[in-house]
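J.: quick one, what's the 3D model for this:
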Amino acid sequence: MTAAKALGKDYAASRLVVAHLGGGISVVAHLGGRMVDTNNARGEGPFSIDRTGGLNAWELAKLCFSGKYSRDEVLSMLNGNGGVVAYLGTRSFQEVIARKNRGDEKAALVFDSLAYQVAKEIGAMATVLEGDVDAVVLTGGMANAAELVDAIRKRVAFIAPVFVYPGENELEALAEYLRAVLTGETPAKKYMNA
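T.: Numbering: from 1, shown residues only. Predicted coordinates for the structure are as follows:
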């Protein structure tokens, strides 16, 4: 809703690509007040701090059946000890940036790869909206890293303006939606069990 308001539009009339840059990275196409497509941040899309993101299924199957690792070890490699943790041994994105800025080539490669993969997923979601995107929105803890935001913006600004709302704002978003429902600005939605 915040990005839609910044655009001077109702959320239901907005066409947004939202990338949440947190422990996992989800990139979502929003259309008609709904999330219409997304990557599964646990096993698809960009790698993140401790998740591998999308992998080559052929190579993963070979690893799983190699006899070298248990089921739990493989799952831990994919979620919890993958991504930046596997590449650089840290869970701190600030440390990744500091190492990159000190000339650590591996940290620079991981940083650039992360920005590249996020931008690529944003581009994929822009196709879901047929290229008609009002804004690209970056949220989450890693959106506090201006260098990362700039690296992503450089690749996706041609799609639409890039809005940045750093931090974990889930509670604020829920409160804003509740306010809109209580004031009659937005109708309440009912979610039924499948």
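J.: in terms of helices and strands, where is the nearest residue to residue 113 once chain neighbours are set aside?
T.: The shortest distance from residue 113 to any non-neighbouring residue, by C-beta to C-beta, 6 or more residues apart in numbering, is to residue 47 (7.6 Å). Heads up, the C-betas are built off the backbone N, CA and C, glycines and all. In this structure, residue 47 is located outside every helix and strand according to DSSP states H and E.
J.: can you count the residues close to residue 47?
T.: Per other C-beta atoms under 10 Å, the neighbour tally for residue 47 reads 23.
J.: so it makes contact with residue 53?
T.: Yes: counting by C-beta atoms under 8 Å, residue 47 sits close enough to residue 53 to count as a contact (3.8 Å).
J.: what's the spacing between the nearest residue to residue 69 once chain neighbours are set aside and residue 79?
T.: Here the nearest residue to residue 69 in space, its sequence neighbours aside, is residue 63; by C-beta to C-beta, 6+ apart that works out to 6.9 Å. With distances defined as C-beta to C-beta, to the nearest Å, the gap from residue 63 to residue 79 amounts to 15 Å.
J.: comparing those two, which residue is more hemmed in?
T.: residue 79 (18 against 14).
J.: measure the more buried one to residue 173 for me?
T.: From residue 79 over to residue 173 the distance is 24 Å, taken as C-beta to C-beta.
J.: just residue 18 next, same as before
T.: When C-beta to C-beta is the yardstick, residue 18 and residue 173 sit 11 Å from each other.
J.: those two: who's more crowded?
T.: For the pair residue 18 and residue 173, the greater number of neighbours falls to residue 18 (22 against 14), based on other C-beta under 10 Å.
J.: now the more buried one: closest residue in space that isn't a chain neighbour?
T.: Leaving out its chain neighbours, residue 18 is closest to residue 137 (C-beta to C-beta, 6+ apart), at 4.4 Å.
J.: can you give me the pLDDT of the one you found?
T.: What the model reports for residue 137 is a pLDDT of 97.
J.: now the element after the helix or strand where it lies, going C-ward?
T.: When secondary structure is defined by DSSP H and E, residue 137 falls within strand 135-140. Sequence order places helix 146-156 as the next helix or strand after strand 135-140, per DSSP H and E.
J.: for that next one, list every residue counted as buried.
T.: Going by neighbour count (16 or more other C-beta atoms under 10 Å), the buried part of helix 146-156 is 148, 149, 151, 152, 153, 156.
J.: need these in a markdown table (columns: pLDDT).
T.: What follows is the buried residues of helix 146-156, written out as a markdown table (pLDDT from 0 to 100):
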| residue | pLDDT |
| --- | --- |
| 148 | 98 |
| 149 | 98 |
| 151 | 98 |
| 152 | 98 |
| 153 | 98 |
| 156 | 98 |
